[in-house]
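J.: Provided below are the primary sequence and the corresponding predicted coordinates.
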Number of protein chains: 2
Amino acid sequence: MNKPSIPKGTRDFSPEEMAKRNYIFDTIRDVYALYGFQQIETPAMETLQTLMGKYGEEGDKLLFKILNSGDYLSKVSDDELLQRHALPLAAKLCEKGLRYDLTVPFARYVVMHREELQLPFKRYQIQPVWRADRPQKGRYREFYQCDADVVGSDSLLNEVEFMQIIDTVFSRFGVRVQIKINNRKILSGIAETIGAGDKIIDITVAIDKLDKIGLDNVNEELRNAGLNDETIARLQPIITLSGTNDEKLSVIADLLKDSETGQKGVEETRFILHTLADCGLKNELQFDLTLARGLNYYTGAIFEVKALDVEIGSITGGGRYDNLTGIFGIQGLSGVGISFGADRIFDVLNALDLYPKNAINATKVLFINFGETETAYCLPVLSELRSNGIRAEIYPDKAKMKKQMTYANAKHIPFVALAGDNEIAENKITVKNMETGTQQLVSAKELITLLS
Amino acid sequence: MNKPSIPKGTRDFSPEEMAKRNYIFDTIRDVYALYGFQQIETPAMETLQTLMGKYGEEGDKLLFKILNSGDYLSKVSDDELLQRHALPLAAKLCEKGLRYDLTVPFARYVVMHREELQLPFKRYQIQPVWRADRPQKGRYREFYQCDADVVGSDSLLNEVEFMQIIDTVFSRFGVRVQIKINNRKILSGIAETIGAGDKIIDITVAIDKLDKIGLDNVNEELRNAGLNDETIARLQPIITLSGTNDEKLSVIADLLKDSETGQKGVEETRFILHTLADCGLKNELQFDLTLARGLNYYTGAIFEVKALDVEIGSITGGGRYDNLTGIFGIQGLSGVGISFGADRIFDVLNALDLYPKNAINATKVLFINFGETETAYCLPVLSELRSNGIRAEIYPDKAKMKKQMTYANAKHIPFVALAGDNEIAENKITVKNMETGTQQLVSAKELITLLS
């Protein structure tokens, strides 16, 4: 018999990992709900018609496709088989695939359930997605996304609330973060103003390196990217942009005074920042012109979160998009959303040792099993503890004391309860604190108080 | 553009459905944890090597298989393609499949992680499974299972605790149930004693009909199943078995006095029932000889739960098996487990209208949006509410009052908060109870008290 294994790029989650992940998901879930977001779930499998063509050519290849059930060859001719064209043949062998992200299924959901939905629709969704990427450190073929989106509202209050959500979530985690905000309209305005619309990504990438490589080298990179000297000269105030958010926005506003789009972007950003000024955010919100985010569908505010005390990429991101459901035939539904990067947040909390102990340690007390009589004495006590919400176990077998203690230690159970002849005679229980080693003889009632 | 759809047999879950499902899962999860069970998760995809041959021939066909990534045809010859043998060819095109249940992945998990596990290992797992069954009412191609198992302990205390878990879960739901218990060893003992080992399922099926069709017809069915008159005569005390659990067990014990296995089954059942007698179960536990459960791998206690106030099949079941990990090469690990049928429990709670309101209604208060000034006044109040754990929303757009009220109604939000010029001048908020229609002018502090 072969040793069993799991598909590459996938993971088992142990009890400790699950407890940590649940702590992350529950925290995010709680905060989403505080802001009126409601959870939905969509099937793991979507039709390939829903999925194909939504993630670019590369994405189509990275979709996990599911072989049709039954006689999956019936619609394929011998010729088609022998031609061995992997992608078109796959489309005949398979009509379903595993979801690749939560955004496309959400768009599909909104279109299919349009009639029952009350707009604006604030939904969150925490589910795994699958990508046939080459597995590498920190990149998996199955991973969870935790997205929240508001669809059907143009109001910038949504952006404001997402910043509050981010701030609250990371405050609860105890992770110090910097929230970066930018606006696609500002980037478009810059491109428009300097007449280099196609170079906006090169520009933001180059500017981003200012601290590391200095102004001269940034300008050199811009020149290499194909910008002429005049354009580069006009970009100087942007490249050397510094000061407070307000100061930076003033410089930009001045530079983009002839671009309607650019002005709109500045206004939006100002509104978001000014509104948040009175909301008592615990983390810094920084207007960062170099924030571009890869996804082309963003059309307004974009944001990204960096942990301040751990070297790791962006741990949360999102933005405004104008046409979520256009791909499925319903135009003009604007939306804005964020996505928490659960795997990276998991690593950050590990690195900073920020998991609360009570979130990880499950069982509060283990009753030692001395045999049938003693067990019969313990069971009603266990019932009482549990009906008081105390997580309690009894070791199921009458094993050696050492084995039972090893079990308690391995599960990080903080208290052990013992009841032998003496305890039974006195109608009490000996409880041992596993950390300090101290023992106490207590009644069932006292035990509940002690463990609550 | 085609209207989007989802694969047949799969479902979207709306916010309300999700809230109800979460209520079910959270309740089960809480109770599992009270008894020291810890959660694990396994990947949606398993290797076909892990899955194939574990669910019978029919099961192999019902596995969703995932087309290999990249050039999935590279290992297949032209001949093999043209032969069009669906199942063997699928094994070449696919090396992964979607999990079919949680038991086989759990066995695989135990074997792979044997070294890190502290036995007995008490795990629970709540994840979807996929089966390419023909979809029909109440049967889906994607559905959740919520399993708990103890592996590595022969102690009957595990069975006892599972009965308590079942009792606690359904008590929390407010569903009156009957828990039926039987033991495979008793069934084997009967078969052994009457010398009709292969007929045990026929026998239990026939006995189960006693109430409906009467003794004569039951005996007729047994005759049709191939039992001779002597055997049927010896079965009479079993068929007409009645009375308390103890009385029934006495009759059986007497009948099976020469079968070691049968006696063992009686003893086990007595131990479980007697131990539970002092544990204050709220639901009836009935020894039911006709309970057989289809799964062949059970070897000891078996149990099943029926709702008393709704006509629906078994809503929970489980039992003891002696060789969970044998299929993966590790022999002798005994286990016992249960599985709650989430979809049926969902239907039962719906039918009896047992969902607590606060589990379903998410947002507690909606702030009406009267424009920028009013919103600026409301936002700090919203922050305060939320930091007090109150779920609060502000309608993001300055829409017509009626539209905002419709939104509150559609989301079943019980309170609406309004702040116009008057409220702002007085530093107060008007709060309206959506059910009674009454309005109050209150301070932010009073609002928190009111909504807490």
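T.: Sure thing, it's come through. Small disclaimer: the values here were computed from a predicted structure and weren't measured.
J.: For the stretch 301-450 of chain A, which segments count as helices?
T.: For the stretch 301-450 of chain A, the helices defined by DSSP state H, counting those that start in this stretch occupy A:342-351, A:357-360, A:372-387, A:401-410, A:421-426, A:444-451.
J.: Who does the spatially most central residue of chain A form a beta bridge with?
T.: Nearest to the mean C-alpha position of chain A, by Cα atoms, centre = their mean, lies A:Phe340 at 2.5 Å. Counting by DSSP bridges, A:Phe340 is bridged to A:Cys146, A:Thr316.
J.: re the thing from before, going by mean pLDDT, which of the helices of the stretch 301-450 of chain A comes out lowest?
T.: Set side by side, the helices of the stretch 301-450 of chain A differ in mean pLDDT, and helix A:357-360 is lowest with a mean of 82.
J.: So what touches that one?
T.: A:16, A:19-20, A:22-23, A:412 (Cβ atoms under 8 Å, 6 or more residues apart in numbering or on different chains). No exception for glycine: its C-beta is placed from N, CA and C like everyone else's.
J.: Show me the subset of those residues that also lies near chain B.
T.: A:19, A:22 (Cβ under 8 Å from any Cβ of the partner chain).
J.: Of the contacts of helix A:357-360, keep whichever come out buried.
T.: Those of the contacts of helix A:357-360 that meet the buried threshold are A:16, A:19-20, A:22-23, by 16 or more other Cβ atoms under 10 Å in any protein chain shown.
J.: which of the contacts of helix A:357-360 sit farthest apart?
T.: Greatest spatial distance among these (Cβ to Cβ): A:Asn22 and A:His412, at 15.9 Å.
J.: if we can go back for a sec, save the helices of the stretch 301-450 of chain A as TSV, and put in mean neighbour count and distance to B:Gly197 too.
T.: Output for the helices of the stretch 301-450 of chain A, formatted as TSV (neighbours: other Cβ atoms under 10 Å in any protein chain shown; distance: least, Cβ to Cβ, whole Å):
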stretch	mean neighbour count	distance to B:Gly197
helix A:342-351	18	53
helix A:357-360	12	50
helix A:372-387	18	33
helix A:401-410	15	38
helix A:421-426	13	45
helix A:444-451	16	48
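J.: export the ones you listed to CSV and tack on distance to A:Phe37?
T.: Below are the helices of the stretch 301-450 of chain A laid out as CSV (distance: least, Cβ to Cβ, whole Å):
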stretch, distance to A:Phe37
helix A:342-351, 16
helix A:357-360, 22
helix A:372-387, 33
helix A:401-410, 38
helix A:421-426, 51
helix A:444-451, 35
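J.: so which of those gets nearest B:Phe143?
T.: helix A:342-351 (24.1 Å).
J.: Could you list every helix and strand in contact with the closest one?
T.: Helices and strands touching helix A:342-351, by 3 or more Cβ pairs under 8 Å, 6 or more residues apart in numbering or on different chains; DSSP states H and E, are helix A:15-34, strand A:142-151, helix A:157-173.
J.: quick check: mean pLDDT across stretch A:300-308?
T.: For stretch A:300-308, mean pLDDT rounds to 96.
J.: Dump that stretch to CSV, restricted to CA.
T.: C-alpha atoms of stretch A:300-308 as CSV (Å, rounded to 0.1, in the frame of the first residue of the first chain):
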residue,chain,number,x,y,z
GLY,A,300,-11.8,55.1,-8.1
ALA,A,301,-10.3,54.8,-4.6
ILE,A,302,-7.7,52.1,-4.1
PHE,A,303,-6.2,51.0,-0.9
GLU,A,304,-3.7,48.6,0.6
VAL,A,305,-2.5,47.7,4.0
LYS,A,306,1.0,47.1,5.2
ALA,A,307,2.0,45.6,8.6
LEU,A,308,4.5,48.0,10.3
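J.: What residues sit buried inside that stretch?
T.: A:300-307.
J.: And the strands in the stretch 101-250 of chain A, which stretches?
T.: A:121-130, A:142-151, A:177-183 (DSSP state E, counting those that start in this stretch).
J.: Could you list the alpha-carbon positions for the first one in PDB?
T.: What that stands for is strand A:121-130. The C-alpha trace of strand A:121-130 is given here as PDB (Å, rounded to 0.1, in the frame of the first residue of the first chain):
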ATOM      1  CA  PHE A 121     -26.100  45.100  -1.100                       C
ATOM      2  CA  LYS A 122     -23.400  44.700   1.500                       C
ATOM      3  CA  ARG A 123     -22.100  41.200   1.400                       C
ATOM      4  CA  TYR A 124     -19.100  39.300   2.800                       C
ATOM      5  CA  GLN A 125     -17.900  35.900   1.800                       C
ATOM      6  CA  ILE A 126     -15.200  33.700   3.300                       C
ATOM      7  CA  GLN A 127     -14.500  30.700   1.200                       C
ATOM      8  CA  PRO A 128     -11.600  28.900  -0.400                       C
ATOM      9  CA  VAL A 129     -10.500  29.500  -4.000                       C
ATOM     10  CA  TRP A 130      -8.400  27.200  -6.200                       C
END
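J.: That strand pairs with which strands?
T.: By DSSP bridges, strand A:121-130 pairs with strand A:38-39 (parallel), strand A:142-151 (antiparallel).
J.: Mind checking the ones you listed for the one nearest to A:Glu46?
T.: Of those, nearest to A:Glu46 by Cβ to Cβ is strand A:142-151, at 14.5 Å.
J.: what is the mean pLDDT for stretch A:91-107?
T.: 95.
J.: How far does it stretch from one end to the other?
T.: 22 Å (Cα to Cα, to the nearest Å).
J.: same check, this time on stretch A:219-231
T.: 10 Å.
J.: got the buried residues for that stretch?
T.: For stretch A:219-231, by 16+ other Cβ under 10 Å, it's A:219, A:221-222, A:227, A:231.
J.: Give me the residues contacting it.
T.: A:194-196, A:199, A:202-203, A:205-206, A:209, A:213, A:232, A:235, A:239.
J.: at 6 Å what do you get?
T.: A:194, A:196, A:202, A:206, A:232 (Cβ atoms under 6 Å, 6 or more residues apart in numbering or on different chains).
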